[in-house]
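what's the 3D shape of this:
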Amino acid sequence: MNIQLGDIGKIIQLSIAPVFMVSGVGTHLIVLTNRLGRIIDRSRQLENNLAPDALQHDAELGELYTRSHLINRSITLACLCALCICLVIAALFVGDAFDIELAKLIALFFVLSMVSLIGSFAYFLREIFVATRTLERDRLKRGGAFKK
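Numbers count the residues shown, from 1 in each chain. Next comes the predicted model:
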């Protein structure tokens, strides 16, 4: 294992783009966990006040559970994406340090990270559609109080 300073600099240069990607995925995870927290808070609030309008609350709870499952899947895929990116960075260093050809493995991890990120965004978008559909339904229940 004979690593030169120039080799480390080259590896760090190669790993900068994946590091920025991890940062972006981390920001995405913050958004997702904040949304999940709001969904959980609203669910607890409805469960505490279930008696008077049980039927209406039950429908809203069902939608909140659907949203929480969608967000949970999105979080899982975002974490898988971040893990794969970290494996790309580690493989870059290991491959260079031990002079092992890991290009195919690095490409595989990168493609897996992209597929996971696409899936995460797809679930996130689906959750947004469910949330806005619920908002529109509630607006119509109130008699369309807020027109477009």
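
what about Arg35, how many residues nearby?
20 (other CB atoms under 10 Å). All C-beta spots, glycine's among them, are computed from the backbone N, C-alpha and C.

may I ask which helix or strand encompasses it?
According to DSSP states H and E, Arg35 maps onto helix 5-48.

gap between that helix and the chain center?
7 Å (CA atoms, centre = their mean, to the nearest Å).

next helix or strand past that helix?
helix 54-97.

elements contacting that following helix?
In terms of contacts (3 or more CB pairs under 8 Å, 6 or more residues apart in numbering; DSSP states H and E), helix 54-97 is packed against helix 5-48, helix 103-141.

quick one: closest of those to Ser74.
helix 103-141 (3.8 Å; CB to CB).

got the helices and strands packed on helix 54-97 as TSV, with distance to Ile71 and mean pLDDT columns?
Listed next are those as TSV, based on distance: least, CB to CB, whole Å; pLDDT from 0 to 100:
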stretch	distance to Ile71	mean pLDDT
helix 5-48	5	90
helix 103-141	5	93
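
and these as TSV, adding distance to Ile75?
As requested, the helices and strands packed on helix 54-97 are exported to TSV (distance: least, CB to CB, whole Å):
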stretch	distance to Ile75
helix 5-48	5
helix 103-141	8
